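Enquirer: Would you be able to build a 3D model of this:
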Amino acid sequence: MLVGPGNERRGQSATAMGRTLAFGDAPGTAGAFGTRSLEDEDYAAPMTEALPNGPVSADLVAGAIAAVFERGAAGAAVLREAAELANSGHDLSVLTLAPQARPPRWGRASGTGPYNVAIQEEAAIELQEAREILGSVATLANFEVLTGCPQPPLASWTAQHEVGLVLLPYHRLTPGGNLFVKRLRNNTSAQVRLVKPARRRPFRPWETSGDSPSRPGGL
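Expert: Numbers count the residues shown, from 1 in each chain. The predicted model follows:
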């Protein structure tokens with residue numbers, strides 16, 4: 001899942017065409033990469049999010065499932081929950097997102113074309129990684145790269161495909177936990193779940209070796 005110029009994305013960068021590419025979005029005024037549409041404003045407002053404990057019960061989900069994958073622990077956690085729901089009989093679509101850069105309003109736009117192609121190619125690679133992570137469950141899922149400028153139309157896609165639950169990776173530094181939460185909740189009837197990676201227990205060598213810690217007073 002990637003970003004273009006004027007787009008901000010959390011966490012990762014994609015190396016393509018011999019350079020590092022960053023990820024993101026932009027909003028109703030003219031800017032270096034063109035005029036931002038009013039619908040982009042839906043991504044801008046700060047929000048708070050209370051994450052439910054544990055995965056969503058398959059019995060509480062009506063309709064298909066959309067799982068948005070990106071590299072990292074949160075993306076893998078999304079696929080884990082999606083696999084459980086697919087095994088319970090729900091239709092599953094796995095998406096990777098490829099935000100596209102708008103051409104500048106002046107001069108030649110030769111730079112945005114190769115950049116956007118690189119973003120789409122990287123999203124396709126991520127989609128293949130999702131297939132591999134899902135293993136045998138991949139045969140139960142549909143896979144798609146969703147592109148859009150400046151952001152992919154995830155809410156429109158969700159409504160069009162009558163999705164009942166959208167699983168999104170949780171971004172710790174993003175208002176609301178993910179860029180798409182507000183627009184999905186304002187414009188679709190789907191449940192939206194932000195998925196955090198499982199916390200790792202700190203490694204304690206004595207738990208595997210049988211030795212107790214040599215520390216005054218013990219633990």
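Enquirer: what's the closest non-adjacent residue to residue 161?
Expert: Here the nearest residue to residue 161 in space, its sequence neighbours aside, is residue 64; by C-beta to C-beta, 6 or more residues apart in numbering that works out to 6.3 Å. All C-beta spots, glycine's among them, are computed from the backbone N, C-alpha and C.
Enquirer: can you pull the contacts of that neighbour?
Expert: Shown in contact with residue 64 (C-beta atoms under 8 Å, 6 or more residues apart in numbering): 90, 91, 92, 93, 161, 162, 163, 164, 165.
Enquirer: Please apply the same query to residue 197.
Expert: When contacts are counted by C-beta under 8 Å, 6+ apart, residue 197 touches 72, 73, 74, 76, 77, 170.
Enquirer: Now the two most distant members of these.
Expert: 76 and 170 (12.2 Å; C-beta to C-beta).
Enquirer: Check which helix or strand residue 85 maps to.
Expert: According to DSSP states H and E, residue 85 maps onto helix 73-87.
Enquirer: Correction: the previous question concerned residue 159.
Expert: In this assignment (DSSP H and E), residue 159 forms part of helix 154-160.
Enquirer: Output the contacting helices and strands for that helix.
Expert: strand 64-68, strand 92-99, strand 163-169, helix 181-187 (3 or more C-beta pairs under 8 Å, 6 or more residues apart in numbering; DSSP states H and E).
Enquirer: what do you get if the cut-off is 6 Å, keeping everything else the same?
Expert: helix 181-187 (3 or more C-beta pairs under 6 Å, 6 or more residues apart in numbering; DSSP states H and E).
Enquirer: Would you mark the buried spots in the lengthiest helix in the chain?
Expert: Ordering each helix of the chain by length in residues (DSSP state H) puts helix 112-134 first. Residues of helix 112-134 classed as buried by neighbour count (16 or more other C-beta atoms under 10 Å): 112, 115-116, 118-123, 126-127, 129-131, 133-134.
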